[in-house]
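Engineer: model this:
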Amino acid sequence: MNKHERLKKMIKGNRKWLLVRLGFAIPIGVLLFFFLQTETHALLYGSLMIASLFAYGVMIVRESRFMSSFTERVRAKRIIHIQYIFDFMMVVFICLFFPLLLKLETISWVPYFVFSLTALALVLVERLLDEKVKLIDPEQPTRRDVKRESF
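Structural biologist: Numbering: from 1, shown residues only. Down below sits the predicted model:
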């Protein structure tokens, strides 16, 4: 299968995964809001958020298997899985560690500084991993290709 055929199938599958991601993003966002707004039920909302993140992690594993199924090269598959792990870790950071830093009322600029550095690192690592996938399997579309063609 050539790069164009792979890209078409990835885009078609990506639409399904986008709806699933939205299905997780909206409830997690609402739980995050409630977690930050309450003092009395923080444990309840935090627990529900952790359970939702666990389910989201299972979905991420399935999505990474789908996206890596288009290449036969083991190293490319590993790198694709690592990309999805980094995405998941960013979501965990946004949903757990960043709100905890805000709730602990540390120095006001520290959470934003840490968040900004983490987001920048994620972007740089994603580009680096995309380039590695391109070197290992030139016929494998990168995540940037899929994102660019999907919208």
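Engineer: quick one: average pLDDT of the longest helix along the chain?
Structural biologist: When the chain is scanned for its longest helix (criterion: DSSP state H), the result is helix 3-37. If you average the pLDDT over helix 3-37, you get 85.
Engineer: I'd say G13 and R65 touch.
Structural biologist: No - with contact defined as CB atoms under 8 Å, G13 does not count as touching R65 (11.0 Å). All C-beta atoms are positioned from the backbone trio N, CA, C, and that covers glycine.
Engineer: so between those two, which is more surrounded?
Structural biologist: Between G13 and R65, counting by other CB atoms under 10 Å, G13 is the more crowded of the two (16 against 13).
Engineer: excluding residues flanking it in the chain, which one is nearest that one?
Structural biologist: F66 (5.6 Å; CB to CB, 6 or more residues apart in numbering).
Engineer: below-threshold pLDDT in this protein: ranges please.
Structural biologist: 105-107, 151 (pLDDT under 70).
Engineer: center of it - which residue?
Structural biologist: D87 (2.7 Å; CA atoms, centre = their mean).
Engineer: show me what contacts it?
Structural biologist: Contact analysis of D87 by CB atoms under 8 Å, 6 or more residues apart in numbering lists I60, L122.
Engineer: what's the helix or strand for it?
Structural biologist: Element membership for D87 (DSSP states H and E) is helix 74-92.
Engineer: and the angle for that helix with helix 3-37?
Structural biologist: Interaxial angle, helix 74-92 versus helix 3-37 (axes from the mean of the first three to the mean of the last three CA atoms, to 10 degrees): 20 degrees.
Engineer: following helix 74-92, which helix or strand comes up?
Structural biologist: Downstream of helix 74-92 (by DSSP H and E), the next one is helix 98-103.
Engineer: so which elements touch that following helix?
Structural biologist: With contacts taken as 3 or more CB pairs under 8 Å, 6 or more residues apart in numbering; DSSP states H and E, helix 98-103 sits against helix 3-37, helix 110-136.
Engineer: I'd say A42 and K103 touch.
Structural biologist: Yes - applying CB under 8 Å, one finds A42 in contact with K103, separated by 7.4 Å.
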